[in-house]
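Engineer: Would you be able to build a 3D model of this:
(2 chains, ligands or ions: 2)
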Number of protein chains: 2
Amino acid sequence: LLEVLQPGDVIGFTFFTGYMSMFAASVFFFMERGEVDGKWRTSLLISGLITMIAAVHYFYMRGVWLETKTSPTEFRYIDWTLTVPLMCVEFYLLIKPYGGKSSTLWKLIGYSVFMLVTGYIGEAIDPSNTIIWGAVSTLGYLGIIYEATLGDVKKTADASPNPEVAKAVKLLRNFVLIGWGIYPIGYMAMPGGLLGGMGLNLDLVYNIGDAINKIGFGLVVYGAAVASTKHES
Amino acid sequence: LLEVLQPGDVIGFTFFTGYMSMFAASVFFFMERGEVDGKWRTSLLISGLITMIAAVHYFYMRGVWLETKTSPTEFRYIDWTLTVPLMCVEFYLLIKPYGGKSSTLWKLIGYSVFMLVTGYIGEAIDPSNTIIWGAVSTLGYLGIIYEATLGDVKKTADASPNPEVAKAVKLLRNFVLIGWGIYPIGYMAMPGGLLGGMGLNLDLVYNIGDAINKIGFGLVVYGAAVASTKHES
Ligand SMILES: CC1=C(/C=C/C(C)=C/C=C/C(C)=C/C=O)C(C)(C)CCC1
Ligand SMILES: CC1=C(/C=C/C(C)=C/C=C/C(C)=C/C=O)C(C)(C)CCC1
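Structural biologist: Ligands and ions are numbered 1, 2, ... in the order given. So this is what the prediction gives:
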């Protein structure tokens, strides 16, 4: 009986909507995959994997939350460790047909791992230095922003003859810049963090961020795939 | 053993039929998707997602009902928060090929969210003012009706050269006007509501409404897709 969602438990509510919307989004990406041009199918598959991995983690996180009313930090970071690199793969798959290099992918993944490992240390292992770890983690985040805004990702996309690709890369960059910027806000809302007194809840903020970013990222790629399939047929 | 459906538990009965019919409807929409013209496949997919999301929520709602014999308000609203915007997407997908604008979709979603958030407050957070919140929520509902009856949705559908689209939009509008009108009746049946003394049960009414609306909406879209696929081949 403990596992029942209580009235007014807004955070539990968002764990549930996260779980359901990620699940529905996966079915969507997997089924629509057959409708787009062959060269876009891997991208749609990755979109679906990102939300599917998230759906399973949200199922577990929801359980932890309902049973203990504490933040499921471990599951959160397990999820990110898998999904953030897959989001880097989405960038890579977009630019690969136009000369995107695998070294660019590894750079993005390197920055992400750095960002997540140091973020996890600040959240779970050394919380008394949470502000320092957050600042260190932000360096990794800035690295990803740099690559997508000025670096290799951007340059290759701009050089591509397919305007849909340049558009999609720009939209994804905006997700990284604005959508991903939601996470540090949640992190700073931890007790002892820079926004600790604001009454925000870390999980609430992270859940909103995930819904926007994981599903939104996938939809951008889907939109580019559909538009580009139409142009070419 | 608490979790067993008791003889005479009519409300529990409808939670089960809801769960099963939504599940079956999803399989139907997903499988028939391959039979219709390419441009209708996304619509059928959304029809299936609506009933699939509902099936999972009915599974949980059924459990809460059997264990506690109380209304699973949270799950109900989580379900609506996801499925009502998807129903707005159905309208949008119908009119999009004929110049439907994404701003129209956002208007519909805005009205829905307003309707659901204020409805949830009246049901779960501030039940002593349930009548006021119900009236406020109705404004959002009226907004949707307006868009579908006189506003952009209707205008674009009427201007389309495909008579199946105009017909489908009109049928969906009737669902919104009549089918969706079932929900406020359930809401008013709450103790303290305008129909509080009538012996109606909120969950019974909502369950009936959901079966009609979710499956019916999907079938309208399915019918339009099949008819329009025939015309064109
Ligand atoms: C900058 C920064 C952070 C950034 C986290 C980000 C950007 C996470 C992105 C997750 C995504 C996109 C998941 C979706 O699948 C942390 C670790 C909170 C620690 C504080 C500083
Ligand atoms: C007007 C009104 C309401 C309307 C609810 C509606 C119209 C819900 C529709 C749900 C659907 C269509 C679900 C199917 O997937 C509330 C919130 C009960 C509160 C009282 C006033």
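Engineer: of all the residues in chain A, which ones are close to chain B?
Structural biologist: Proximity of chain A to chain B, by Cβ under 8 Å from any Cβ of the partner chain, involves residues A:1, A:4-9, A:12-13, A:16-17, A:20-21, A:23-24, A:27-28, A:31-32, A:35. Every residue, glycine included, has its C-beta placed from N, CA and C.
Engineer: Are any of these buried, and if so which?
Structural biologist: By neighbour count, with 16 or more other Cβ atoms under 10 Å in any protein chain shown, these hold A:4-5, A:9, A:12-13, A:16-17, A:20-21, A:23-24, A:27-28, A:31-32, A:35 as buried.
Engineer: And those residues, which is the shakiest by pLDDT?
Structural biologist: When those are sorted by pLDDT, the bottom entry is A:Val4 at 75.
Engineer: is it true that it touches B:Glu67?
Structural biologist: Yes. Taking Cβ atoms under 8 Å as the definition, A:Val4 is a contact partner of B:Glu67 at 7.3 Å.
Engineer: any chance you could map the helices in chain A?
Structural biologist: Taking DSSP state H, the helices of chain A run over residues A:10-32, A:41-68, A:73-95, A:102-120, A:130-149, A:152-159, A:163-174, A:182-188, A:202-210, A:216-232.
Engineer: Any idea which of the ones you listed gets closest to B:Leu177?
Structural biologist: Closest approach to B:Leu177 among those (Cβ to Cβ): helix A:10-32, 26.5 Å.
Engineer: is any part of that closest one close to ligand 2?
Structural biologist: No. Judged by Cβ under 6 Å from any ligand atom, helix A:10-32 and ligand 2 are separated, with a smallest distance of 12.9 Å.
Engineer: and of the helices of chain A, who's closest to B:Met198?
Structural biologist: Taking Cβ to Cβ, helix A:10-32 is the member of the helices of chain A nearest to B:Met198, at 29.9 Å.
Engineer: and the angle from that closest one to helix A:41-68?
Structural biologist: Orientation check (axes from the mean of the first three to the mean of the last three Cα atoms, to 10 degrees): helix A:10-32 against helix A:41-68 gives 160 degrees.
Engineer: Which strands and helices lie in contact with helix A:10-32?
Structural biologist: Applying 3 or more Cβ pairs under 8 Å, 6 or more residues apart in numbering or on different chains; DSSP states H and E, one finds that helix A:10-32 contacts helix A:41-68, helix A:202-210, helix A:216-232, helix B:41-68, helix B:73-95.
Engineer: Tell me, please, where in chain A the pLDDT is lower than the cut-off.
Structural biologist: Along chain A, the model assigns pLDDT under 70 to residues A:1-3, A:233.
Engineer: let's see it at 80
Structural biologist: Of all residues in chain A, those with pLDDT under 80 make up the ranges A:1-4, A:7-8, A:232-233.
Engineer: what residues does it put near ligand 1?
Structural biologist: A:80, A:83-84, A:87, A:115-116, A:119, A:134, A:137-138, A:141, A:180, A:183-184, A:187, A:210, A:213-214.
Engineer: what do you get if the cut-off is 8 Å, keeping everything else the same?
Structural biologist: By Cβ under 8 Å from any ligand atom, the part of chain A that sits against ligand 1 consists of A:50, A:54, A:79-80, A:83-84, A:86-87, A:112, A:115-116, A:118-120, A:122-123, A:133-135, A:137-138, A:140-141, A:144, A:176, A:179-181, A:183-184, A:186-188, A:206, A:209-210, A:213-214, A:217.
Engineer: Out of the residues you listed, which end up buried?
Structural biologist: Neighbour-count burial (16+ other Cβ under 10 Å) is assigned, among those, to A:50, A:54, A:79-80, A:83-84, A:86-87, A:112, A:115-116, A:118-120, A:122-123, A:133-134, A:137-138, A:140-141, A:144, A:176, A:179-180, A:183-184, A:186-188, A:206, A:209-210, A:213-214, A:217.
Engineer: quick one, which of the helices and strands packed on helix A:10-32 is nearest to ligand 2?
Structural biologist: Closest approach to ligand 2 among the helices and strands packed on helix A:10-32 is made by helix B:73-95 (3.7 Å; Cβ to the nearest ligand atom).
Engineer: ok and the residue in chain A nearest ligand 1?
Structural biologist: A:Gly119 (2.5 Å).
Engineer: Spatially, which residue comes closest to that residue, not counting chain neighbours?
Structural biologist: Nearest residue to A:Gly119 in three dimensions, chain neighbours excluded: A:Ser137, at 4.2 Å (Cβ to Cβ, 6 or more residues apart in numbering or on different chains).
Engineer: Report the contact partners of that neighbour.
Structural biologist: The contact partners of A:Ser137, taken as Cβ atoms under 8 Å, 6 or more residues apart in numbering or on different chains, are A:Phe114, A:Met115, A:Leu116, A:Thr118, A:Gly119, A:Gly122.
Engineer: What of A:Pro161?
Structural biologist: By Cβ under 8 Å, 6+ apart, the contact set of A:Pro161 is A:Tyr98.
Engineer: Same question for A:Leu139.
Structural biologist: Residues in contact with A:Leu139 (Cβ under 8 Å, 6+ apart) are A:Phe114, A:Met115.
Engineer: A:Leu49 too?
Structural biologist: Taking Cβ under 8 Å, 6+ apart, we find A:Leu49 in contact with A:Ser26, A:Leu86.
Engineer: same deal with A:Phe59?
Structural biologist: With the criterion set at Cβ under 8 Å, 6+ apart, A:Phe59 makes contact with A:Tyr19.
Engineer: Report the separation between it and B:Leu49.
Structural biologist: Between A:Phe59 and B:Leu49 the distance is 18 Å, computed by Cβ to Cβ, to the nearest Å.
Engineer: ditto for A:Ala168
Structural biologist: Here the criterion is Cβ to Cβ. By it, A:Ala168 lies 23 Å from B:Leu49.
Engineer: now do A:Leu66
Structural biologist: Where B:Leu49 is concerned, A:Leu66 sits at a distance of 25 Å (Cβ to Cβ).
Engineer: would you list the contacts of A:Ser137 in TSV and tack on distance to A:Met198?
Structural biologist: Below are the contacts of A:Ser137 laid out as TSV (distance: Cβ to Cβ, whole Å):
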residue	distance to A:Met198
A:Phe114	27
A:Met115	23
A:Leu116	24
A:Thr118	23
A:Gly119	19
A:Gly122	18
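Engineer: Out of the helices of chain A, flag the one nearest B:Ala225.
Structural biologist: Closest to B:Ala225 of the helices of chain A is helix A:10-32 (Cβ to Cβ; 14.9 Å).
Engineer: Verify the stated contact: A:Thr73 with A:Glu123.
Structural biologist: Yes. With contact defined as Cβ under 8 Å, A:Thr73 and A:Glu123 form a contacting pair (5.6 Å).
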